[in-house]
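A.B. asks: sequence? don't have it. structure:
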């Protein structure tokens, strides 16, 4: 998959590297702005139970 993306980017190696960084940053931005906030209510990370017993 990465080879396919690399072959279809325009320009020489330096331009391709710059465009690859832009694509990665764009994907991270989309994940943090849209995907993770949408998925957060579906994940069980907020369901934490603390027992009042045990060693201590």
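C.D. replies: Cool, got the structure. In this text the structure is predicted, and so the values were computed from the model without any measurement.
A.B. asks: low pLDDT regions in the protein?
C.D. replies: 47, 53-56 (pLDDT under 70).
A.B. asks: that one: strands as residue ranges?
C.D. replies: Applying DSSP state E to the chain gives no strands.
A.B. asks: and the helices in it?
C.D. replies: 2-8, 13-30, 36-39 (DSSP state H).
A.B. asks: give me the contact list for the shortest one.
C.D. replies: The reference is to helix 36-39. Helix 36-39 is contacted by no other residue when judged by C-beta atoms under 8 Å, 6 or more residues apart in numbering. Bear in mind the C-beta positions are built from the backbone N, C-alpha and C, glycine included.
A.B. asks: may I see the buried residues of that helix?
C.D. replies: By 16 or more other C-beta atoms under 10 Å, helix 36-39 has no buried positions at all.
A.B. asks: for the second one, same thing?
C.D. replies: Neighbour counts using 16+ other C-beta under 10 Å place residue 16 of helix 13-30 among the buried residues.
A.B. asks: on contacts alone, who are the packing partners of that helix?
C.D. replies: The criterion is 3 or more C-beta pairs under 8 Å, 6 or more residues apart in numbering; DSSP states H and E, and the helices and strands that helix 13-30 contacts are helix 2-8.
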